[in-house]
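K.L.:
Kindly return the folded structure for what I paste below:
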Amino acid sequence: MTTVDQNTTHSAEAAALGFWYQALYALLTLVEQTTDDAAIGIEKLDDIELQADGKQLLYQLKHSISTAPPPITIKSKSLWKTIKVWVDALPKLTLAETTLHLVTVGGIAKSDPLQILTSAGEDRVDLAKAMTLEAERVLFERSQAAEQGNKLPHSERISGCQAFLELTEIDRLNMLRRTRIRPESPTVPQIEQEVAANLHILPAHQRDTVACRLVEWWDRQMVYSLCGQREGIISRTELQSQVSTIVADIEQDKLVPELETVSHPTDYQPDGMLFRQIDLVKGTRGDLAKAIREEWRAREQRARWTVSNPALVSKINDYDLLLKEYWSDLHLEMVDNSADQAEEEKQASGLNLLRWTHNDAPTTIRPISEGWNAAYYIRGSYQVLAINLQVGWHPDYEELLEDSE
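P.N.:
Prediction:
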């Protein structure tokens, strides 16, 4: 990979993680609320907009994929980019009813004037003066560079600095009085743990499972919102309702289809036996694509169930026996009818059996659990069984694949 490719990949990863962090932090923020009228939106006036108790809270989020993110200072690009966003939003705000939050996974440099923003009650006069001097320095150095014909510095800070200086002194101070910095905030991998820790009302043994399912549900809501399939604001009432649904499912030992709308990773490589089984009956690219997708979903679902509840292993195994029985009746009939058939006819019969697992089996065989209505588990489980050579599509699959056992 070239240097350009590495930089592009790094940038794409950072952007993707940045948006995911934004979504997850919104979930954590809403979970932390205690007022019934709380509601949160993504990418409204700010990265996150929270309404609670008749007040408005705007959050600008600064995530980093670095293992040791640099501390924020009065000179940081992230600070001045945030200032620009907030100044632009001021005409739409009632500042006395608004709090502006800058959330960063890094810390604040020691002795930096920004330290004052970690506390709500500290005076901001000295900070306003320091930021004014810094903004003026940025503009002066750009002006000086322009006069000398040099490259203009501070390109990522200039907009914020200009916007800050265009405010009156009292407006600068008033904005800073409504500003908070949240340093050393949880990173993407830590947020799910923080969500679980805030589910105080639940028994301790349920919190991790509920948090995991809550994050998955939240991710779907974010996608639906981006696609225009739902309103972009989620209320605390809706969140509480989802928590109650998840808890009810756990207590009833109800199996939940968690992966019905989830695609397998783009780099997923299934076992080679899946390809060989389908190749024996000359399956198409479409047959193969469906098999890979559903096999991943079923395998991932099995893993999640057994991790969350090891007692489900026997339920899964018993259901596999049922799937094999249905398959066996059809396969034996196919074998009996293929005794005098040419290879092309055997392949055609086997392809029909493969497609039966996708098209007909989900509506023919009872679901693994009462209330289960997702087809991917049966479809994918047949592929899992085929990989293990417990079922097959060709009449002679065992003989043809015996070298692979």
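K.L.:
Where does pLDDT dip in the stretch 301-405 of the chain?
P.N.:
For the stretch 301-405 of the chain, applying pLDDT under 70 flags the ranges 404-405.
K.L.:
Tell me if Gly41 really is in a strand.
P.N.:
Yes: under DSSP: H, G, I helix; E, B strand; the rest coil, Gly41 falls within a strand.
K.L.:
Please name the residues that touch it.
P.N.:
Counting by C-beta atoms under 8 Å, 6 or more residues apart in numbering, Gly41 makes contact with 48-49, 232-234. (Each C-beta comes from the backbone N, C-alpha and C, glycine too.)
K.L.:
hmm, try it at 7 Å
P.N.:
49, 232-233 (C-beta atoms under 7 Å, 6 or more residues apart in numbering).
K.L.:
how about these in TSV, adding distance to Ala26?
P.N.:
Converted to TSV, those look like this (distance: C-beta to C-beta, whole Å):
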residue	distance to Ala26
Glu49	9
Gly232	11
Ile233	10
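K.L.:
Can you tell me which of those residues are classed as buried?
P.N.:
Buried members of the contacts of Gly41, scored by 16 or more other C-beta atoms under 10 Å, are 49, 232.
K.L.:
and the contacts of Gly41, which of them are in strands?
P.N.:
Counting by DSSP state E, the part of the contacts of Gly41 found in strands is 49, 233.
K.L.:
For Gln301, which residues are in contact?
P.N.:
Going by C-beta under 7 Å, 6+ apart, Gln301 touches 258-259, 377.
K.L.:
Highest neighbour count among those residues?
P.N.:
Using other C-beta atoms under 10 Å as the neighbour criterion, Tyr377 leads the contacts of Gln301 with 26 neighbours.
K.L.:
which strands and helices sit next to the helix or strand containing it?
P.N.:
Assessed by DSSP states H and E, Tyr377 sits inside helix 376-387. The contact analysis (3 or more C-beta pairs under 7 Å, 6 or more residues apart in numbering; DSSP states H and E) places helix 376-387 against helix 272-280, helix 285-308, helix 312-337, helix 343-359, helix 361-364.
K.L.:
Pipe the ones you listed into TSV and attach distance to Leu61 per row.
P.N.:
Formatted as TSV, the helices and strands packed on helix 376-387 follow (distance: least, C-beta to C-beta, whole Å):
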stretch	distance to Leu61
helix 272-280	41
helix 285-308	29
helix 312-337	38
helix 343-359	42
helix 361-364	42
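K.L.:
Of all those, which one is nearest Tyr21?
P.N.:
helix 285-308 (23.5 Å; C-beta to C-beta).
K.L.:
Could you check the angle the closest one makes with helix 312-337?
P.N.:
150 degrees (axes from the mean of the first three to the mean of the last three C-alpha atoms, to 10 degrees).
K.L.:
Okay, buried residues for helix 285-308 please.
P.N.:
Across helix 285-308, burial judged by 16+ other C-beta under 10 Å covers 287, 290-302, 304-305.
K.L.:
And for Glu399, the neighbour number?
P.N.:
Glu399, neighbours per other C-beta under 10 Å, totals 9.
K.L.:
mind showing which ranges of the chain have poor pLDDT?
P.N.:
By pLDDT under 70, the low-scoring segments of the chain are 1-14, 43-46, 65-67, 252-253, 404-405.
K.L.:
what ranges do the strands span in it?
P.N.:
39-42, 48-52, 55-62, 98-104, 179-182, 233-235.
K.L.:
Against Val210, how distant is the most centrally placed residue in the chain?
P.N.:
For the chain, Asp219 is the residue whose C-alpha lies nearest the centre (C-alpha atoms, centre = their mean; 4.9 Å). According to C-beta to C-beta, to the nearest Å, Asp219 and Val210 sit 15 Å apart.
K.L.:
out of the contacts of Gly41, which one sits closest to Glu345?
P.N.:
Distance to Glu345 across the contacts of Gly41 (C-beta to C-beta) is lowest for Gly232, with 56.0 Å.
K.L.:
Could you report the distance from that closest one to Glu184?
P.N.:
Taken as C-beta to C-beta, the span from Gly232 to Glu184 is 29 Å.
K.L.:
so how far is His101 from Arg180?
P.N.:
In terms of C-beta to C-beta, Arg180 sits 5 Å off from His101.
K.L.:
where exactly do the helices run in the stretch 101-250 of the chain?
P.N.:
Using DSSP state H, counting those that start in this stretch, the helices of the stretch 101-250 of the chain run over 125-147, 158-166, 169-177, 188-197, 204-226, 236-251.
K.L.:
Of all those helices, which one comes closest to Ser263?
P.N.:
Of all the helices of the stretch 101-250 of the chain, it is helix 204-226 that lies closest to Ser263, at 11.3 Å by C-beta to C-beta.
K.L.:
what's the angle from that closest one to helix 188-197?
P.N.:
Per the same axes, to 10 degrees, the angle that helix 204-226 makes with helix 188-197 is 120 degrees.
K.L.:
who touches the residue in the chain sticking out farthest from the centre in this structure?
P.N.:
No residue in the chain sits farther from the centre than Asp340, which is 53.9 Å out by C-alpha atoms, centre = their mean. The contact partners of Asp340, by C-beta under 7 Å, 6+ apart, come to none.
K.L.:
same deal with Asn373?
P.N.:
Contacts of Asn373 (C-beta under 7 Å, 6+ apart): Pro367.
K.L.:
and if we set it to 10 Å?
P.N.:
Asn373 makes contact with 257, 260, 362, 367, according to C-beta atoms under 10 Å, 6 or more residues apart in numbering.
K.L.:
do Lys55 as well
P.N.:
Shown in contact with Lys55 (C-beta under 10 Å, 6+ apart): 35, 94, 96-99.
K.L.:
what about 7 Å?
P.N.:
So Lys55 contacts 97, 99 (C-beta under 7 Å, 6+ apart).
K.L.:
ok, what's across the strand from it?
P.N.:
Note on Lys55: beta-bridge partners by DSSP bridges are Ala52.
K.L.:
how much space is there between the closest residue to Gln115 other than its chain neighbours and Leu176?
P.N.:
Distances taken as C-beta to C-beta, 6 or more residues apart in numbering put Ile108 closest to Gln115, at 5.5 Å, once the chain neighbours are dropped. For Ile108, the distance to Leu176 equals 15 Å [C-beta to C-beta].
K.L.:
I'd like to know how many residues surround the spatially closest residue to Glu295 that is not a sequence neighbour.
P.N.:
Closest residue to Glu295 apart from its sequence neighbours, by C-beta to C-beta, 6+ apart: Gln383 at 3.6 Å. Number of residues near Gln383 (other C-beta under 10 Å) recorded here: 29.
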